[in-house]
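Colleague: Using only what follows, build the 3D model:
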Amino acid sequence: MRIVQADVDHLDEVTPLFIKYREFYGQPPLPEASRRFLEARLVHEQAIILVAEDDDSGKALGFCQFIPSFSALTLAASWVLKGIYVTEEARRQLVADKLINHAKTMAREVGVKRMTVMTGEENMAAQSLYRSLGFSNDHDFMYFALKL
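Modeller: Numbering: from 1, shown residues only. Okay, the predicted model is just below:
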């Protein structure tokens, strides 16, 4: 398995995974809008999207998307994980682990000081994954959301 950083040439392989990710969270597939969304993030360099590909077939096994951010408190860059998905047939092959570990290495190389992730309270598999990779609950801050 190899991990590659996506660019617009990867849209055909990333978009179906992104759609499955959205469907997992109860969203409609919206293939054209999903593709445009991803394309805009890549063209405007607003996201780091990594793709896990099978060494032999080149087939996409999973993806993760990080959004760069900055902290006024730490005066440093941070990355926020805003989506990760692994195909059903590739689960239990450590695809998610490899994607996130690759992202951690990239982040350190460019001076990122913190990575954050949010997941559903019911998503125990994701919580277990994040804890196993060194993430911990943030007890210093509470996160709130406002739907507009």
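Colleague: wait, Ala107 sits on Val80?
Modeller: No: counting by CB atoms under 8 Å, Ala107 does not reach Val80; the two are 11.1 Å apart. Any C-beta I mention is one placed from the backbone N, CA and C, and that applies to glycine too.
Colleague: ok, these two, which is more surrounded?
Modeller: Ranked by neighbour count (other CB atoms under 10 Å), Ala107 and Val80 place Ala107 first, with 19 against 15.
Colleague: Help me confirm that that one is found in a helix?
Modeller: Yes: looking at Ala107 with DSSP: H, G, I helix; E, B strand; the rest coil, it is inside a helix.
Colleague: List phi and psi for Val4.
Modeller: phi -130, psi 150 (degrees, to the nearest 10).
Colleague: ok, now Val8?
Modeller: Per degrees, to the nearest 10, the backbone of Val8 is at phi -60, psi -20.
Colleague: just to revisit the earlier point, list the residues that are in contact with both of Ala107 and Val80.
Modeller: Residues touching both Ala107 and Val80 by CB atoms under 8 Å, 6 or more residues apart in numbering: Phe66, Met115.
Colleague: Count residues in the vicinity of Leu81, would you?
Modeller: 20.
Colleague: any idea where the strands of the protein begin and end?
Modeller: Per DSSP state E, the chain carries strands over the ranges 2-5, 48-53, 60-71, 76-86, 114-117.
Colleague: which parts of the fourth one are buried?
Modeller: Under the neighbour-count criterion of 16 or more other CB atoms under 10 Å, strand 76-86 has Ser78, Trp79, Leu81, Lys82, Gly83, Ile84, Tyr85, Val86 buried.
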